[in-house]
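1. Need a 3D model of the sequence below.
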Amino acid sequence: MHLLLRTRVAQPPARVLAGFDRALFESLAPPFPTLHLLRFDGSRPGDRVEIELAVGPKRWRWTSLITEAGQLPDGSQYFIDEGQELPAPLRYWRHRHLIEPNPRGLGSVIVEDITYRTGSRILDVLLYPAMWAQFAYRRPVYRRVFGRPQG
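-> The predicted structure is shown next:
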């Protein structure tokens, strides 16, 4: 299943990418499920991010590996995290964080480009609204941290 969200912010791509740190990651966590950050190495290839998701007494581990990062010819910055250990029912996770120059002028567009699979097309579709909500929650956080674009 594919999920794509775009958020315009005031800062340029390189500055936004530099802001993808532990503090930002923690502030992006939605209120549900509870997220505990166990490890955050950064956003460069080989870095790991490990979290624990909690719903009441139940706990799930999620580990992602940063597999790729770079700059595109147009000035876009990106990094990709891929799930290594995923909570059920997820079986596949690939999240491309793309920060494009804003085509309207100053600032950037943060693109959340996510592909996930559970092994069941029906379950993928049923999870879509929850996945969308989890990442739409990030929009006001991004704008608070990186500024609201003018216009």
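
2. What ranges does the chain have for its helices?
-> 13-18, 22-27, 121-136, 138-146 (DSSP state H).

3. mind checking the longest strand of this structure?
-> Counting by DSSP state E, the longest strand found in the chain is strand 58-71.

4. and the closest residue to residue 40 other than its chain neighbours, how many neighbours?
-> With sequence-adjacent residues excluded and distances taken as C-beta to C-beta, 6 or more residues apart in numbering, residue 40 is closest to residue 22, at 4.5 Å. Just so you know, the C-beta spots here come from the backbone N, C-alpha and C atoms, and that holds for glycine as well. The tally of other residues near residue 22 (other C-beta atoms under 10 Å) stands at 13.

5. looking at it, residue 87 is touching residue 61, isn't it?
-> Yes. The pair residue 87 / residue 61 is scored as a contact, 7.0 Å apart, by C-beta atoms under 8 Å.

6. so what sits against both of these two?
-> Here residue 87 and residue 61 have residue 53 as joint contacts, going by C-beta atoms under 8 Å, 6 or more residues apart in numbering.

7. Quote the end-to-end distance of stretch 128-143.
-> Start to finish, the residues bounding stretch 128-143 are 24 Å apart (C-alpha to C-alpha, to the nearest Å).

8. Sort out which residues of that stretch are buried, please.
-> For stretch 128-143, burial by neighbour count (16 or more other C-beta atoms under 10 Å) applies to 131, 134, 135, 138, 139, 142, 143.

9. which residues are in contact with it?
-> Stretch 128-143 is contacted from outside by 1, 3, 5, 7, 9, 24, 27-28, 30, 110, 112, 114, 116, using C-beta under 8 Å, 6+ apart.

10. how about 6 Å then?
-> Contact with stretch 128-143 is made by 1, 3, 5, 7, 9, 27, 28, 30, 110, 112, as judged by C-beta atoms under 6 Å, 6 or more residues apart in numbering.

11. Tell me how far it lies from the chain's centre.
-> Taking C-alpha atoms, centre = their mean, to the nearest Å, one finds the center of stretch 128-143 at 9 Å from the center of the full chain.

12. try stretch 69-85
-> Distance of stretch 69-85 from its chain centroid, counting by C-alpha atoms, centre = their mean, is 11 Å.
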